[in-house]
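In: quick one: sequence and predicted model below, then my questions.
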Amino acid sequence: MESYLPLVPLPARIGRLNELSYDLWWSWHAEAAAVFKALDEHVWSLTSHNPVLLLHLLSPARAAAAAADAAFLAQYDAAIARFDRSRSTADTWWAQANGATTGVIAYFSAEFALHRSLPIYAGGLGVLAGDHCKEASDLGVPLVAVGLMYPKGYFHQYVGADGWQQEVYDPLDWCDGPIEPALTPAGIPCSITVPLGDRAVRVTVWRVRAGRVMLYLLDTDVDQNAGVDRELSARLYGGGRDGRLQQEIILGIGGVQALRALDIAPAAWHLNEGHAAFVGLQRMHDSLTQGLSFAAALELVRASTVFTTHTPVPAGHDAFAFDLVEQHLAGCWGGLGAHRDAFLRLGHHDSGSGPLFNMTALAMRTAGSVNAVSKLHGTVTREMWASLDQPVQTITNGVHVPTWLAPDLASFFDRRLGLDWRERQDDDGFWAAVLEFPDDELWDLRGVLRQKMLTFMRNRARDGWSEAEAGPARVLAGGALFDERTLTIGFARRFAQYKRSGLIFHDAKRLARILKDPRRPVQIVYAGKAHPADDGGKHNLQRVYRHAIDPEFGGRVSFVADYDLHVARFLVQGCDVWLNTPRKPLEASGTSGMKAAINGGLNLSIGDGWWAEGYNGANGWLVDGGSFGDDDAVDAADAESLYRLLEEEVVPAFYERDSRGVPLQWVRYVKESIRSVIPHFSARRMGKEYATRMYAPALDAAPVV
């Protein structure tokens, strides 16, 4: 396909920086990121590591100097050479493992977290989708991704003096982002029309490069549309129930049409959560217009569709009134009105409050393969959807190691494991060598990562001081008093009520004694956003914030506002302990704990989601109060278990040192955390499982439709 890039004038010798800046491949390859940093480290920092914006701001004099700098050119040439090698598909894992299997897989998701310069993500679902795409690129899986553009992105979080979350939406200037118009085979910008109710909505298609994977984003903010339609794709999960349904129609039905217009004919289709379930309806519609019966069209679609569900909570699955669905799909029926009832029955489900059109039910009925995202989640999912009589596999989530591993630790691995460790991420036996790492070197490295995190937090707190609204309490809440030698616990995730963000404060006086112990102090850093419509989550966040400014805790609790990918990296790399306290079994998988673990952070977690299968007794701690009573009884028992672990195991292990000042027991835990988690909970293992268990069978079974 042809390309359109708004090129920045650069000396010819370094002209391919334009091309590199528009391919997010650079974001998980340190040598490529280092090239942009070397151009202008100050501007690199000011742009939050956005190379497109960096090049727009780069002075001609600095560009000319770089083009004449032998050291820079050597760095540039090496990065470009690896960039070019990465585009080959001949020697990839997919090519070697599936040489006889051909066809493209279309991967649909409502959000993608690839880099903070592309803020089209809210939380874990988007992070998982971004990691999935990056790993598909690394493995050579022939994947194209489809999502929504969100010109206003997701909200920035502002926390007022009272601790109440406020949402701020800033219009995004995509000229400064790694995004370009998607072009049709004729070389013109791709645009489609999606029937919506009694009107037609114009949709523009954009493209984002992520190595070998292309992400196509649908945008309704075009001049031909009425104002209300221009807002349809403006915000992630915005617009209430009616707006949510229309967004999902644009994603599913519009996404299929966009791929057709781009002359991309997927042989398999992967729906990441129920938001994309209308993909199946559009594909059935296309088959029916070609003369197939309803039953034959459904079977054809099912043979080539796989579906991943992430939500173990009934209320978390999108469901709409039938009349609302019928109203907005009216323009899609065309001459197929005779199949209207059959279409609607595909989404019929009663979760206890009456029948509704359920997007997960629709996805499961139109998919041949369904998977949950942890073993425990698989059990919950099979029980929740037993009435659909659909087999549910389990593919436990994983994290993209090159993205989330601290650069300092990656360099340490290079020296101690050899440069091929990146290709052996899922080789369990290979990682036994971690147990032989020198204790003192690994401990010193963990100290460096903690220090970098705290420096980042202090800088943000200092920046906040310059804002008119920021007083001493807010600076204190930002962690200004945190100490670099103190055991640091992290809790960073979406503030949903089931995640029990305040469990550790169940007995505030006991916690204060733990935190303020003069010989063995502890500090806790919080971060995360509540959904704009979730007042319960906002109240939980407010309570945590008030603890952060409460003198009782002596400045040992902090809250870092506006959680995003950039903040997340510092926290998962720098925290000594990663705290997770969901109400079991409501955590489908969770991936933040995996990111901490691969960096040597130790999980202190309820045995829910991935930790139910990741905990092995020597790589962290299991919080389990053993109570099966009402919520209050469970909370009290789990809090008691948490305090006991902190007092008797976690804190002593961190502070008991040998003659060199090294906590040997703690470092043993750190080594086992890295050794046990990387091979089993990496996106490398996850990506291969999807490829072999879901994609290859679908590609073999299904004709291109």
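Out: Yep, that arrived. Numbering: from 1, shown residues only.
In: which helices and strands does the lowest-mean-pLDDT helix or strand in the chain pack with?
Out: Ranked by mean pLDDT, DSSP states H and E, the weakest helix or strand in the chain is helix 472-477, scoring a mean of 76. Counting contacts by 3 or more C-beta pairs under 8 Å, 6 or more residues apart in numbering; DSSP states H and E, helix 472-477 packs against helix 439-465, helix 535-548. In this view, the C-beta of every residue, glycine as well, is placed from N, C-alpha and C.
In: report the buried residues of it.
Out: 474-477 (16 or more other C-beta atoms under 10 Å).
In: returning to what we had before: make TSV out of the helices and strands packed on helix 472-477 and add distance to I105.
Out: Supplementary listing: these in TSV, determined by distance: least, C-beta to C-beta, whole Å:
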stretch	distance to I105
helix 439-465	36
helix 535-548	34
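In: so of the ones you listed, which one's packed in deepest?
Out: Mean neighbours per residue, mean count of other C-beta atoms under 10 Å, is largest over those for helix 535-548, with a mean of 20.
In: so which elements touch that one?
Out: strand 165-168, helix 472-477, strand 557-560.
In: need the residues that contact stretch 57-65.
Out: 8-11, 14, 39-40, 43, 46-47 (C-beta atoms under 8 Å, 6 or more residues apart in numbering).
In: same thing but 10 Å
Out: 8-11, 13-14, 17, 36, 39-40, 43-44, 46-47, 50-51, 55, 66, 72, 176 (C-beta atoms under 10 Å, 6 or more residues apart in numbering).
In: got a list of what the most centrally placed residue in the chain touches?
Out: With distances taken as C-alpha atoms, centre = their mean, the residue of the chain nearest its centroid is V127 (0.5 Å). With contacts defined as C-beta under 10 Å, 6+ apart, V127 is in contact with 111-114, 121, 397, 399-400, 403-404, 565, 568, 591-592, 595.
In: please tell me how far it sits from A637.
Out: According to C-beta to C-beta, to the nearest Å, V127 and A637 sit 31 Å apart.
In: whatever helix or strand Y158 lives in pairs with which strands?
Out: If you go by DSSP states H and E, Y158 is part of strand 156-159. Applying DSSP bridges, strand 156-159 is found paired with strand 165-168 (antiparallel).
In: and the helix or strand following the partner strand, how far from the chain's centre?
Out: Remark: after strand 165-168, the chain's next helix or strand is strand 180-181, criterion DSSP H and E. From the chain centre to the centre of strand 180-181 is a distance of 23 Å (C-alpha atoms, centre = their mean, to the nearest Å).
In: other SSEs contacting strand 180-181?
Out: Under the contact definition 3 or more C-beta pairs under 10 Å, 6 or more residues apart in numbering; DSSP states H and E, strand 180-181 sits against strand 199-210.
In: now do the helix or strand following the strand it packs on against strand 199-210, angle only.
Out: Downstream of strand 199-210, the first helix or strand assigned by DSSP H and E is strand 213-219. Computed with axes from the mean of the first three to the mean of the last three C-alpha atoms, to 10 degrees, the direction of strand 213-219 lies at 150 degrees from that of strand 199-210.
In: which neighbouring elements make contact with strand 213-219?
Out: Judged by 3+ C-beta pairs under 10 Å, 6+ apart, strand 213-219 is in contact with strand 105-108, helix 124-139, strand 143-148, strand 191-196, strand 199-210, helix 255-261.
In: could you check the angle the next helix or strand after the last one makes with strand 143-148?
Out: Taking DSSP H and E as the definition, the helix or strand that follows helix 255-261 towards the C-terminus is strand 268-272. Regarding strand 268-272 and strand 143-148, their directions subtend 40 degrees when assessed with the same axes, to 10 degrees.
In: got the CA positions of strand 268-272 in CSV?
Out: Extracted C-alpha coordinates of strand 268-272, given in CSV (Å, rounded to 0.1, in the frame of the first residue of the first chain):
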residue,chain,number,x,y,z
ALA,A,268,-9.6,-14.9,10.4
TRP,A,269,-11.1,-12.4,12.7
HIS,A,270,-10.2,-11.8,16.4
LEU,A,271,-12.7,-9.9,18.5
ASN,A,272,-11.0,-8.5,21.7
